[in-house]
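J.: please find the sequence and the predicted model below.
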Amino acid sequence: MDQKHLRILIVEDNDFEVELLLRALRQNDYSVEYKIVQTGSDLQEAFREEKWDIVFSDYSVSGYGAMEALEDLKKLNSPTPVIIVSGAVGEDRAVEILKAGADDFIVKGKWNRLPAVVNRAIREREIRAASEEARRAREQILAVVSHDLRNPLAAIKLNIQAIDNILARQTEMSEDCQRVRQLCERINSSMDRCCNLVDDILDETQVASGRFQIQPKNNSVNQFIRDILTVFSPLARSSNINLELHGPNEEVTADFDYERLYQAMSNLIANAVKFTRNGGKVTLTWGIVGNNLQFKVKDTGLGIPSKFVPLIFERFWQGDPNNKKGVGLGLFIVRGIINAHNGIIKVTSWENIGTEFTVEIPRNAEAVESKREEEKWHIPDETKYKEAIKQLKPLLLIEDDEDVRFVLRDFLKDQGFEVLEAESLAKATALSNKSEVGLILTDYQLEGSTPTCLQQFIEGMLTQDPELPIILVSGETNLEDRAKAMHIPFYLKKPFDHSQFQEQLYKAITTPHQHQLH
């Protein structure tokens, strides 16, 4: 497609506004084919008949506005980028628009941003389309491979068992026959590992694509625990490890996917047994905490080095690079299972002392539905906050997206901060060399740089001032773990609202802290 030719769908009820948008596009050398819609049914019909490069929607259309259009486009599962056109875009509205799924927004009359917004929307649409195509191709290949691989694996396994059964019926067994039986046992063990690996790869694909699903039912937690102990008590005894259980005696039920949660807990307990020394102890503790079902798996093993703790839930990460028995998907899948239950998983570890994993999931569907939205945060001490801002050296804002930087800068200045702006690490380094910095607010992924470069910059700044407050801002997953890896105690996940932003600012400049560089 010629990038200068656009096929656009316009959600608008004012002909004058349509003409202004079209004129702005044509003045920027775009040739335009367009269609105007004013209702949800019109929009759905337009997408059934044709494909569109971009949807432009007025924020407020009589009876049918941008938010309704975004909801309908979600239902259509359309990758078409949506740009909201509004008379004024305040911070709260901007957050609302982006959270609802819009790709960008333009203030009416400020058409100078139009080429950049359109080009970015088209580029992101092409990237999404390519990514989606790659995902579908990958899943199709995995599905075919897993299906085609399972059949010969099953045949091999059955044949090995048949050979073993024949040999087992022999009244007198030669040394060669005994040797063959041992080989059959080894082959069978390897077959199990192959089957588990195929299952892990398929699970990883679903977790990574956000399509991992569970089927929760009401189950006896007591029976669940007994089933786990039936498998792992003999394993622990064979390794001379004491497996202890602590939990309520009364019957407890909860809503969860039995097989999937069993898979997750089995992984945690198997790892605990595996990494615990001979003669050590693994403790499984469970119970009800509030409306949640909680499990704790604690061992007296080797522990995890602190620098690796933020990485253990990453795909393909392995603590022991010499371990070739897996591909490092176990804990990644465990976290996917717990997330699918709307739960959380946390880990605490002490080197040469042991590790503890804590899993919490809502006990029942009613508990999940009753979760209310967190109340807006309010400044606990306005005077302390304003005084801290007055005393603060300039704030260094590092953000490569011009629009995001614009919104953050204006909010910070309204709060009273003196702001130094940098669109890159190179600019940030130059500014920090010229002026002392009292607070850093930085994006995680910066154009022309890598997280490693950012970490080196942060460590350099902290070497000069270990008490320098830093806030990490990103839309990345596992943001808390990434922040910890960079020795950053404060972080904000995009998109965030005014209240969340102010909360992190308050904590960063009023809470005494000192970064610990490893």
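T.: That came through, no problem.
J.: make it CA atoms for all contacts and neighbour counts henceforth
T.: OK.
J.: skipping its backbone neighbours, what lies nearest C184 in space?
T.: I160 (5.9 Å; Cα to Cα, 6 or more residues apart in numbering).
J.: just L43 next, same as before
T.: V37 (5.9 Å).
J.: got the contact list for that neighbour?
T.: 9-12, 43 (Cα atoms under 8 Å, 6 or more residues apart in numbering).
J.: switch the cut-off to 10 Å
T.: 9-13, 43-46, 57, 64 (Cα atoms under 10 Å, 6 or more residues apart in numbering).
J.: so is Q294 in a helix, a strand, or just coil?
T.: The assignment at Q294 comes out as strand when based on DSSP: H, G, I helix; E, B strand; the rest coil.
J.: that one contacts V252, doesn't it?
T.: No. Between Q294 and V252 there is no contact under Cα atoms under 10 Å: 12.0 Å.
J.: picking that back up, go ahead and list the helix or strand containing the residue nearest to C184.
T.: Assigned by DSSP states H and E, I160 falls within helix 114-168.
J.: circling back: pretty sure the residue nearest to C184 sits against Q182.
T.: No. Here I160 does not reach Q182: they are 11.1 Å apart, not a contact under Cα under 10 Å.
J.: of those two, who's got more company?
T.: Ranked by neighbour count (other Cα atoms under 10 Å), I160 and Q182 place I160 first, with 19 against 13.
J.: contact partners for that one?
T.: 154, 166, 181, 183-185, 187-188, 191.
J.: just the pLDDT for it.
T.: We note a pLDDT of 81 for I160 in this prediction.
J.: if I look at I160 and Q182, which residues touch both of them?
T.: N188.
J.: ranking helices and strands of the chain by mean pLDDT, which lands last?
T.: None of the helices or strands of the chain scores lower by mean pLDDT, DSSP states H and E than helix 365-369, at a mean of 45.
J.: give the next helix or strand downstream of that one.
T.: helix 382-391.
J.: packing partners for that next one?
T.: helix 402-415, helix 498-510 (3 or more Cα pairs under 10 Å, 6 or more residues apart in numbering; DSSP states H and E).
J.: among those helices, which comes closest to R363?
T.: helix 498-510 (28.2 Å; Cα to Cα).
J.: so what touches that closest one?
T.: Here helix 498-510 makes contact (Cα under 10 Å, 6+ apart) with 91-92, 95, 375-382, 384-389, 391-392, 408, 411-412, 415, 438-441, 468-473, 489-493, 511.
J.: again, only this time at 6 Å
T.: 377, 469 (Cα atoms under 6 Å, 6 or more residues apart in numbering).
J.: now do the buried residues in it.
T.: Neighbour-count burial for helix 498-510 flags 500-510 (criterion: 16 or more other Cα atoms under 10 Å).
J.: can you check stretch 425-438 too?
T.: Residues 425, 428, 431, 437-438 are the ones in stretch 425-438 that count as buried (16+ other Cα under 10 Å).
J.: in strands, which of those fall?
T.: Of the positions in the buried residues of stretch 425-438, not one sits in strands, assigned by DSSP state E.
J.: list just the nearest of those residues to T358.
T.: Once Cα to Cα is applied, the member of the buried residues of stretch 425-438 that ends up nearest T358 is G438, at 36.4 Å.
J.: pLDDT wise, what is that closest one at?
T.: Reported pLDDT for G438: 93.
J.: which residues does it contact?
T.: Neighbours of G438 in contact, by Cα under 6 Å, 6+ apart: 392-395.
J.: swap the cut-off to 10 Å and go again
T.: Here G438 is in contact with 389, 391-396, 418, 465, 467-470, 509 (Cα under 10 Å, 6+ apart).
J.: and it, how far from I471?
T.: Distance of G438 to I471, given as Cα to Cα, to the nearest Å: 12 Å.
J.: which other helices and strands contact the helix or strand L284 falls within?
T.: When secondary structure is defined by DSSP H and E, L284 falls within strand 281-289. Packed against strand 281-289, as judged by 3+ Cα pairs under 10 Å, 6+ apart, are the following elements: helix 221-238, strand 242-246, helix 258-274, strand 292-299, strand 354-362.
J.: what comes up buried for it?
T.: 281-288.
J.: what's the answer for stretch 391-399, then?
T.: For stretch 391-399, by 16+ other Cα under 10 Å, it's 393-399.
J.: and it, what's its mean pLDDT?
T.: 92.
J.: now do the same end-to-end measure for that stretch.
T.: 24 Å.
J.: now tell me what touches it from outside.
T.: 386, 389, 405-406, 408-409, 412, 417-425, 427-428, 431-432, 435-447, 469-474, 509.
J.: now stretch 9-18
T.: With Cα under 10 Å, 6+ apart as the criterion, stretch 9-18 contacts 21-24, 33-40, 42-43, 46-47, 51-66, 69, 82-85, 108-109.
J.: hey, C-alpha coordinates of it in CSV?
T.: The C-alpha coordinates for stretch 9-18 follow below in CSV (Å, rounded to 0.1, in the frame of the first residue of the first chain):
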residue,chain,number,x,y,z
LEU,A,9,-13.5,5.6,8.4
ILE,A,10,-14.8,8.7,10.2
VAL,A,11,-17.1,8.6,13.2
GLU,A,12,-18.5,12.1,13.1
ASP,A,13,-21.9,13.9,13.0
ASN,A,14,-20.6,17.3,12.0
ASP,A,15,-19.9,17.9,8.3
PHE,A,16,-17.7,20.9,9.0
GLU,A,17,-15.5,18.9,11.3
VAL,A,18,-15.2,16.2,8.6
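J.: could you pull up the mean pLDDT of that stretch?
T.: 83.
J.: what do you get for stretch 41-59?
T.: pLDDT averaged over stretch 41-59 gives 85.
J.: can I get stretch 118-133 in PDB? Just the C-alpha atoms.
T.: These are the backbone C-alpha positions of stretch 118-133, laid out as PDB (Å, rounded to 0.1, in the frame of the first residue of the first chain):
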ATOM      1  CA  VAL A 118      -0.900   8.900  11.100                       C
ATOM      2  CA  ASN A 119       2.500   7.500  10.200                       C
ATOM      3  CA  ARG A 120       2.900   6.000  13.600                       C
ATOM      4  CA  ALA A 121      -0.600   4.500  13.400                       C
ATOM      5  CA  ILE A 122       0.100   2.900  10.000                       C
ATOM      6  CA  ARG A 123       3.500   1.600  11.100                       C
ATOM      7  CA  GLU A 124       2.000   0.100  14.300                       C
ATOM      8  CA  ARG A 125      -0.800  -1.500  12.300                       C
ATOM      9  CA  GLU A 126       1.700  -3.100  10.000                       C
ATOM     10  CA  ILE A 127       3.800  -4.300  13.000                       C
ATOM     11  CA  ARG A 128       0.700  -5.700  14.700                       C
ATOM     12  CA  ALA A 129      -0.400  -7.500  11.500                       C
ATOM     13  CA  ALA A 130       3.000  -9.000  11.000                       C
ATOM     14  CA  SER A 131       3.200 -10.000  14.600                       C
ATOM     15  CA  GLU A 132      -0.200 -11.600  14.500                       C
ATOM     16  CA  GLU A 133       0.700 -13.500  11.300                       C
END
